[in-house]
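*Asks:* coords below, sequence missing:
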């Protein structure tokens, strides 16, 4: 009398299900984000720019598991990451930014599911996350936390996050083929 996968699955907001396998993958992506962000990234320019690749697991989660799982991965990663190794004050706006970092790629893929890891989906997902989230929302939240003007923070963040985004696009493009072969 075992528990079936159907019994363990969570309902997503879109009416679909998050299977046990997807929950486990989302957990792995959370762990990867925490390690890459909290332990293998560098804060530069007085803590306004983080050079690291913690967004890769969040973006992959959204593209691979869907927008709900991507957003959930971003939220859990940020909250657990702050508890494990705080790199400043907790800010719910940053958590929202992390949720959107997983949600946006998931929505992009859901618009073109046949081309899940196409170069266009990968580049558009990163471009939207870079412009709307990294440059827009996260810079705004940091300006609140640091008491500095948005436009003062923006140029340095644009350069640092632009370079990180280009490398992330390359990494996800290289990982696309092996990821496509996963049986989800």
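*Replies:* Arrived safely, thanks for sending. Computed from a predicted structure; not experimentally measured. Residues are numbered from 1 along each chain as shown.
*Asks:* contacting residues for the residue nearest the centre of the chain?
*Replies:* With distances taken as CA atoms, centre = their mean, the residue of the chain nearest its centroid is residue 58 (2.7 Å). By CB atoms under 8 Å, 6 or more residues apart in numbering, the contact list for residue 58 reads 29, 33, 70, 73, 74, 77, 98, 101, 102. Placement of C-beta: from N, CA and C, glycine included.
*Asks:* Distance of residue 121 relative to residue 74?
*Replies:* 18 Å (CB to CB, to the nearest Å).
*Asks:* Those two - which one has more neighbours?
*Replies:* residue 74 (31 against 20; other CB atoms under 10 Å).
*Asks:* average pLDDT for whichever helix or strand that one is part of?
*Replies:* Per DSSP states H and E: residue 74 is located in helix 67-84. Per-residue pLDDT over helix 67-84 has a mean of 95.
*Asks:* Next, the buried residues of it.
*Replies:* 67-78, 81-82 (16 or more other CB atoms under 10 Å).
*Asks:* next SSE after it?
*Replies:* helix 92-111.
*Asks:* and the angle from that next one to helix 67-84?
*Replies:* When axes from the mean of the first three to the mean of the last three CA atoms, to 10 degrees is applied, the directions of helix 92-111 and helix 67-84 differ by 150 degrees.
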